[in-house]
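Peer 1: got a predicted structure here, sequence first:
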Amino acid sequence: MAMAALRREGSRFAPLLSPRPITAVRSSPLAPSHEDEGPIGVRYISTQVVRNRMKSVKNIQKITKAMKMVAASKLRAIQTKTENSRGLWQPFTALLGDLPSADVKKNVVISKGLHKLNSGPEKETKYVILGEKAKAQLIRDSKKDIELIMTELQKNPLNYTQVSVLADEILKNVEYDALRIVFNKFQSVVSFVPTVSTVLSPEIVEREAESGGKLGDLDSYEVEGGETKGEILQNLAEFQFSCVMFNALLENACSEQGARMSAMDSSSRNAGDMLDRLTLTYNRTRQASITTELIEIISGASALEG
Amino acid sequence: MASNAAVPFWRAAGMTYITYSNICANLVRNCLKEPHKTEALTREKVHFSISKWTDGKPEKPTVRSDSPEE
């Protein structure tokens, strides 16, 4: 691979010199800055080119290593937040269940991009998009299904207040039966699983409760405080939505930093490999030119004596 | 005194439960003492821009940038 690069560099210098009858196997003509001029018919490999390439690869390696450190530190910070936020929605799932299979008329899908949900024929799906990347993707395909787009979210680090205000906007502007949030769940630094989590509107929860199953036990809970069950359900649904969205955004951020870290890591390793190969080439060409000089000197000296 | 569908005062005023809990949280944060107070208030900043779409056409986006002094 370094050879191909050298050949490419060589072909750039070819117009400077007239073609020689002897074809060299892998040498490029002299670079103007390299001082050795041999007798006619001898070509030297230009070590200058190899040295420049080594310098640039080393710089790239430093940059990617730095990016990896940055991503690792950000990941650590966000990961603790994510672990803490998981406790917010787990009671909700224990109480109300996650029900991805609930059959609803109107689905609203919230996503940061990179996922597509296919729904059946009678179900209407609308998208709420968070972030510029998702916007570019989904605008191309599902232009008429988009409900809301929210951008410029990176100005402040993720906090619950921002997410809850976003959730509030969504709740106010969109009528829904089920809200599905699509995000990358962070399992470890190298594995992220796209997941969908569902929040049902209070009416659907009522409907599911009547049809039995996990939600059917909701009636067995005692409600105190003078609020009706419908009200509590509504408050719970809103709060659940906000918590789930907070967790989803955090997990997404974790997955993003994890992906960035592993990408930078493999890129630094690749740069290291390239550097090793270039070093070998450099040493070989240097030694070859030294040997050639020695041979000339010795043969010249012996010609003089003999 | 309460009607049959006794909604709490904030629900009747048009707020969602989320808005209600945010305002309560803001009040609690304002009760903190000084170094922790500014820390907590920085955790509350909100900034984003939202644009509603109808029929595949975007309307003008509005930037919503709350500051904690609300």
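Peer 2: Received the coordinates, thanks. Residues are numbered from 1 along each chain as shown, chains lettered A, B, ... in the order given.
Peer 1: what segments of chain B are helices?
Peer 2: Taking DSSP state H to define them, one finds helices in chain B at B:9-12, B:17-30, B:34-42.
Peer 1: taking helix B:17-30 as reference, get the angle to the last one.
Peer 2: Okay, so that is helix B:34-42. In terms of direction (axes from the mean of the first three to the mean of the last three CA atoms, to 10 degrees), helix B:34-42 departs from helix B:17-30 by 160 degrees.
Peer 1: then helix B:34-42 to CSV, C-alphas only?
Peer 2: Output of helix B:34-42 as CSV, limited to C-alpha atoms (Å, rounded to 0.1, in the frame of the first residue of the first chain):
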residue,chain,number,x,y,z
GLU,B,34,-25.0,30.4,47.2
PRO,B,35,-22.3,28.2,45.6
HIS,B,36,-24.7,25.4,45.0
LYS,B,37,-27.4,27.7,43.8
THR,B,38,-25.5,29.0,40.7
GLU,B,39,-24.4,25.4,39.9
ALA,B,40,-28.0,24.2,40.0
LEU,B,41,-29.2,27.1,38.0
THR,B,42,-26.7,26.3,35.2
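Peer 1: and that helix, what does it pack onto?
Peer 2: Applying 3 or more CB pairs under 8 Å, 6 or more residues apart in numbering or on different chains; DSSP states H and E, we find helix B:34-42 packed against helix B:17-30. C-betas here are computed from N, CA, C, even on glycine.
Peer 1: now what about the helix it packs on, what contacts it?
Peer 2: Applying CB atoms under 8 Å, 6 or more residues apart in numbering or on different chains, the set of residues contacting helix B:17-30 from outside is A:161, A:164-165, A:167-168, A:171, A:234-235, A:238-239, A:241-242, B:10-11, B:37, B:40-41, B:44, B:68, B:70.
Peer 1: how about stretch A:83-90?
Peer 2: By CB under 8 Å, 6+ apart, stretch A:83-90 touches A:Ser197, A:Gln240, A:Cys243, A:Val244, A:Phe246, A:Asn247, A:Leu250.
Peer 1: flag every buried residue along it.
Peer 2: Of the residues in stretch A:83-90, A:Ser85, A:Leu88, A:Trp89 count as buried by neighbour count, 16 or more other CB atoms under 10 Å in any protein chain shown.
Peer 1: tell me the one among the residues you listed nearest to A:Glu256.
Peer 2: Closest approach to A:Glu256 among these (CB to CB): A:Ser85, at 16.0 Å.
Peer 1: just the helices of chain B: most buried one?
Peer 2: Of the helices of chain B, the one with the most neighbours on average (mean count of other CB atoms under 10 Å in any protein chain shown) is helix B:17-30, at a mean of 16.
Peer 1: average model confidence for it?
Peer 2: Mean pLDDT, helix B:17-30: 85.
Peer 1: dump that helix to CSV, restricted to CA.
Peer 2: The C-alpha coordinates for helix B:17-30 follow below in CSV (Å, rounded to 0.1, in the frame of the first residue of the first chain):
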residue,chain,number,x,y,z
TYR,B,17,-47.8,18.1,34.6
ILE,B,18,-44.3,18.5,33.2
THR,B,19,-44.5,22.3,33.3
TYR,B,20,-45.9,22.1,36.8
SER,B,21,-43.0,19.9,38.0
ASN,B,22,-40.5,22.1,36.3
ILE,B,23,-41.8,25.2,38.1
CYS,B,24,-41.7,23.4,41.4
ALA,B,25,-38.1,22.2,40.7
ASN,B,26,-37.1,25.8,39.9
LEU,B,27,-38.5,27.0,43.2
VAL,B,28,-36.6,24.3,45.0
ARG,B,29,-33.4,25.3,43.2
ASN,B,30,-33.9,28.9,44.2
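Peer 1: and the next helix or strand past the helix or strand of chain A with the lowest mean pLDDT?
Peer 2: One helix or strand of chain A scores below all others by mean pLDDT, DSSP states H and E: helix A:2-13, with a mean of 51. On the C-terminal side of helix A:2-13, the nearest following helix or strand under DSSP states H and E is helix A:47-96.
Peer 1: hmm, back to that, can you turn the buried part of the contacts of helix B:17-30 into a PyMOL selection?
Peer 2: Selection of buried members from the contacts of helix B:17-30 for PyMOL, criterion 16+ other CB under 10 Å:
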select buried, (chain A and resi 161+164+165+167+168+171+234+235+238+239+241+242) or (chain B and resi 11+40+41+44+68)
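Peer 1: returning to that earlier point: how about the contacts of stretch A:83-90, which pair is most distant?
Peer 2: A:Gln240 and A:Leu250 (15.9 Å).
Peer 1: what average pLDDT does the one helix or strand A:Thr291 maps to get?
Peer 2: Element membership of A:Thr291, judged by DSSP H and E, is helix A:229-305. For helix A:229-305, mean pLDDT rounds to 88.
Peer 1: contacts (any at all) between chain B and it?
Peer 2: Yes - with CB under 8 Å from any CB of the partner chain as the measure, helix A:229-305 is seen reaching chain B through A:Glu231, A:Gln234, A:Asn235, A:Glu238, A:Phe239, A:Phe241, A:Ser242.
Peer 1: A strand includes A:Arg180, no?
Peer 2: Yes - judged by DSSP: H, G, I helix; E, B strand; the rest coil, A:Arg180 forms part of a strand.
Peer 1: near it, how many other residues are there?
Peer 2: Residue crowding around A:Arg180 was assessed by other CB atoms under 10 Å in any protein chain shown; the count is 21.
Peer 1: quick one, longest strand in chain B?
Peer 2: For chain B, the strand with the greatest residue count under DSSP state E is strand B:48-54.
Peer 1: got the buried residues for that strand?
Peer 2: Neighbour-count burial for strand B:48-54 [16+ other CB under 10 Å]: B:Phe48, B:Ile50, B:Ser51, B:Lys52, B:Trp53.
Peer 1: I'd like to know which elements that strand is packed against.
Peer 2: With contacts defined as 3+ CB pairs under 8 Å, 6+ apart, strand B:48-54 has these neighbours: strand A:146-151, helix A:160-173, strand B:62-64.
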